[in-house]
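Q: Just need the structure, nothing else, for what follows:
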Amino acid sequence: MTSGAPEVATAYYYRSADTLARIAGVLGKEADAEKFGKIAEGARNAYRFACTDNGKIDSKRQAEYVRPIAFGLLDEAEKQAAADSLDALVKANGNHLNTGFLSTPFLLKVLCEYGHAETAYDLLLQEDCPGWLYEVKKGATSIWETWDGVREDGTVHDSLNHYAYGAVAGWLISGACGINAGPDGITIRPYPDKRLGWAKAALDSRYGHIECSWRYQEDRLIMAYALPEGASAKIIMPDGQVTEINGGDL
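A: Here you go, the predicted model:
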């Protein structure tokens with residue numbers, strides 16, 4: 001008999017140790033970086049041994065594909081295979097998610113990064129329960145704790161103002177509009193979709209104010225960016241074309 005969720009706990013043990021190792025490295029604390037790096041390596045090996053078949057995943061739960069991809073518990077080829085399986089699971093579930101609080105924030109990101117942006121938008125625009133637009137159709141002005149916080153018969157239950165599933169708003173900035181400002185600089189890689197039609201987002205980052213917008217004019221995609229003066233950004237277009245722009249460029 002087992003208890004708890006070893007797949008979840010081991011994944012987060014790795015993520016926590018890896019994060020601490022990277023923080024220690026930035027702070028110049030070499031001994032701590034080495035210590036937590038070894039812990040992270042051990043946790044990753046344990047995860048791969050206990051929760052995968054040599055990097056292959058066999059599960060009916062979307063979360064068990066999302067988590068190892070997002071956390072870096074798989075090699076690159078394994079990530080692609082897992083993302084392809086995740087895409088198939090979502091489609092088999094009628095373009096509905098079945099992820100919980102811990103993996104929903106990473107779901108659309110993972111799908112987009114491994115070639116399944118259309119499926120990510122299928123989920124984003126899903127109007128049936130479970131789905132974000134089900135809440136909108138029910139008059140929600142905040143994110144609910146449960147997908148069916150207001151049931152079809154009008155029954156209300158649990159919190160109607162909860163943070164977790166609202167993490168999709170982060171993806172609207174970093175995914176749909178593609179604004180990412182990390183320690184290595186600014187990257188703008190939007191994932192547009194004609195069904196949404198247009199999107200615009202802004203981020204007050206460590207580098208300053210960044211904006212990105214896109215819209216469809218018939219079959220033509222029109223994009224615009226704004227960067228802080230003196231900043232530069234890598235722009236990755238939907239077709240994979242990469243350009244560099246500087247603050248003040250048109």
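Q: Can you check which strand is longest in this protein?
A: Criterion DSSP state E: the longest strand present in the chain is strand 208-217.
Q: What residues sit buried inside the helix or strand just after that strand?
A: Per DSSP states H and E, the first helix or strand lying C-terminal to strand 208-217 is strand 220-226. For strand 220-226, burial by neighbour count (16 or more other CB atoms under 10 Å) applies to 223, 225. For every residue, glycine as well, the C-beta is placed using N, CA and C.
Q: on that earlier part again, by contact count, what packs against the longest strand of the chain?
A: Secondary-structure packing of strand 208-217 (3 or more CB pairs under 8 Å, 6 or more residues apart in numbering; DSSP states H and E): strand 179-182, strand 185-188, strand 198-205, strand 220-226.
Q: For V136, find the nearest of those.
A: Of all these, it is strand 198-205 that lies closest to V136, at 16.1 Å by CB to CB.
Q: can you state the direction angle for that closest one and strand 208-217?
A: Interaxial angle, strand 198-205 versus strand 208-217 (axes from the mean of the first three to the mean of the last three CA atoms, to 10 degrees): 170 degrees.
Q: just to revisit the earlier point, now tell me what touches the longest strand of the chain from outside.
A: Identification of contacts with strand 208-217 by CB atoms under 8 Å, 6 or more residues apart in numbering yields 177-179, 181, 186, 188, 190, 192, 194, 197-204, 221-229, 231, 233, 247.
Q: Mind giving me the ChimeraX command for buried ones among the residues you listed?
A: Remark: buried members of the contacts of strand 208-217, expressed as a ChimeraX selection using 16+ other CB under 10 Å:
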select :177,178,179,181,186,188,190,192,199,201,203,223,225,227,228,231,233,247
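Q: Tell me the strands beside the worst-scoring helix or strand of the chain on mean pLDDT, with direction?
A: Least confident helix or strand of the chain, by mean pLDDT, DSSP states H and E, is strand 242-246 with a mean of 92. Counting by DSSP bridges, the strands paired with strand 242-246 are strand 232-236 (antiparallel).
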